[in-house]
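A.B. asks: After the sequence you'll find the predicted model.
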Amino acid sequence: MSVASFVPRVYRVARVRRELSDTVTLELVPPAGACPPFEPGQFNMLYAFGVGEVAISISSDRGEPSAFVHTVRDVGAVSAAIAGLQPGASIGLRGPFGTGWPVAAAEGADIVFVAGGLGLAPLRPAIQRVLAHRHRYGRIVILFGTRHPAEMLYRHELEHWRQHPGVELEVTVDHADADWHGHVGVVPALIPRATFDPHETVAMVCGPEVMMRFTVSALRDAGVPTGRIHVSMERNMKCAIGLCGHCQFGPTFICKDGPVMRFDRIADIFATREV
């Protein structure tokens, strides 16, 4: 393990895009050259100087980007400091860390992406990678659930994805307003309506744990084997290298054994709510 794993590198905020009232997308550029290569599903540790450090999934759409893209929601002191940065500000960055979505291994299969709320951000690079190589995959299904139409992440990008040939994209909301004419309800309820071959499908799921629990159940009911279901378990990561123990999940550490995990390998402990 190198010293570089512990020491943040200083990046510059190149661009800030307001997504929602409490959520921004930051483009972070290194002082020279390109960012390190990454796999969709991996994360970086972002350090707000004088405040602290937090794990944030990479949302860039290229494996060797000129800028790291991170979508950050203001939910605490560190994330609030990061979400409040303006172009030109400095930020510390360590990474990339962790495991990625099985994008390459899934070639030839139908792909089902299921996201809840901010869980769309960690799935974004996988979706972009699959759509960039559309001919290598079967059916593509993207199912996204959010609380309210006004809280829809990447609204314009969702519409762009919908236009790709062979892509089935459905969005549902928990609470509709007068202008909403789409699905109302939880995102797992969309799975029985989707078109895919369950025995030739790879599913990638990210969102709140309760949403993932019901999504996995719906996928299994649809016939998808648990060994072909992958979930992102982003939990309380502090060091990112398996030393501090904050993200221990049964016998595994989310930061180095995850965050993306094959469901059959964690099914027993995933079912235990206290873990």
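C.D. replies: That came in fine, so what should we check first?

A.B. asks: Which positions in the helix or strand hosting V210 come out as buried?
C.D. replies: Using DSSP states H and E, the secondary-structure element containing V210 is helix 209-221. For helix 209-221, a neighbour-count test (16 or more other C-beta atoms under 10 Å) marks 211-216, 218-220 as buried. Where you see a C-beta, it was placed from the backbone N, CA and C, and this is true even at glycine.

A.B. asks: where exactly do the helices run in the stretch 1-150 of the chain?
C.D. replies: Using DSSP state H, counting those that start in this stretch, the helices of the stretch 1-150 of the chain run over 77-83, 120-132.

A.B. asks: In a markdown table: these, plus mean pLDDT.
C.D. replies: Below are the helices of the stretch 1-150 of the chain laid out as a markdown table (pLDDT from 0 to 100):
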| stretch | mean pLDDT |
| --- | --- |
| helix 77-83 | 96 |
| helix 120-132 | 96 |
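
A.B. asks: what sits opposite Q248 in the beta ladder?
C.D. replies: Under the criterion DSSP bridges, Q248 forms beta bridges with F253.

A.B. asks: burial count for it?
C.D. replies: Neighbourhood size, Q248 [other C-beta atoms under 10 Å]: 16.

A.B. asks: From I254, how far out is it?
C.D. replies: 8 Å (C-beta to C-beta, to the nearest Å).

A.B. asks: Please parse the chain into its domains.
C.D. replies: Listed domain ranges for the chain are 3-97, 110-270 (source: automatic domain parsing).

A.B. asks: nearest spatial neighbour of the spatially most central residue of the chain, skipping sequence neighbours?
C.D. replies: Among the residues of the chain, the one closest to the centroid is P122, at 1.5 Å (C-alpha atoms, centre = their mean). Among residues not flanking P122 along the chain, S57 sits closest, at 3.7 Å (C-beta to C-beta, 6 or more residues apart in numbering).

A.B. asks: and the gap between that neighbour and G41?
C.D. replies: Relative to G41, and taking C-beta to C-beta, S57 is found at 7 Å.

A.B. asks: overlap in contacts of those two?
C.D. replies: 122, 232, 259 (C-beta atoms under 8 Å, 6 or more residues apart in numbering).

A.B. asks: where does the stretch 151-275 of the chain have low pLDDT?
C.D. replies: 235-236, 271-275 (pLDDT under 70).

A.B. asks: quick one: the strands in it?
C.D. replies: 167-173, 183-184, 201-206, 229-232, 248-249, 252-253, 260-262 (DSSP state E, counting those that start in this stretch).

A.B. asks: Quick check: which helices or strands does the second one pack against?
C.D. replies: In other words, strand 183-184. Identification of packing neighbours for strand 183-184 by 3 or more C-beta pairs under 8 Å, 6 or more residues apart in numbering; DSSP states H and E yields strand 167-173.

A.B. asks: Outside of the strand it packs on itself, list whatever touches it.
C.D. replies: By C-beta under 8 Å, 6+ apart, strand 167-173 touches 131, 139-149, 152, 158, 161-162, 180, 182-187, 189-190, 193-195.

A.B. asks: same thing but at 6 Å, please
C.D. replies: Applying C-beta atoms under 6 Å, 6 or more residues apart in numbering, the external contacts of strand 167-173 come out as 140-146, 148-149, 161-162, 182-185, 187, 190.

A.B. asks: Count residues in the vicinity of A105, would you?
C.D. replies: Neighbours of A105 using other C-beta under 10 Å come to 10.

A.B. asks: quick one: pLDDT of it?
C.D. replies: For A105, the model assigns a pLDDT of 97.

A.B. asks: Nearest spatial neighbour of it, chain-adjacent residues omitted?
C.D. replies: According to C-beta to C-beta, 6+ apart, the nearest residue to A105 is V202 (7.7 Å).

A.B. asks: Please list all residues in contact with that neighbour.
C.D. replies: The neighbours of V202, taking C-beta under 6 Å, 6+ apart as the test, are 106, 109, 111, 228.

A.B. asks: can we see that at 10 Å?
C.D. replies: Listed by C-beta atoms under 10 Å, 6 or more residues apart in numbering, the contact partners of V202 are 101-103, 105-113, 130, 137-138, 196, 224, 227-230.

A.B. asks: Need the buried ones from those residues selected in PyMOL.
C.D. replies: Burial among the contacts of V202 is assessed by 16+ other C-beta under 10 Å; the matching PyMOL selection reads:
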select buried, resi 101+102+103+106+109+110+111+112+113+130+137+138+196+224+228+229+230
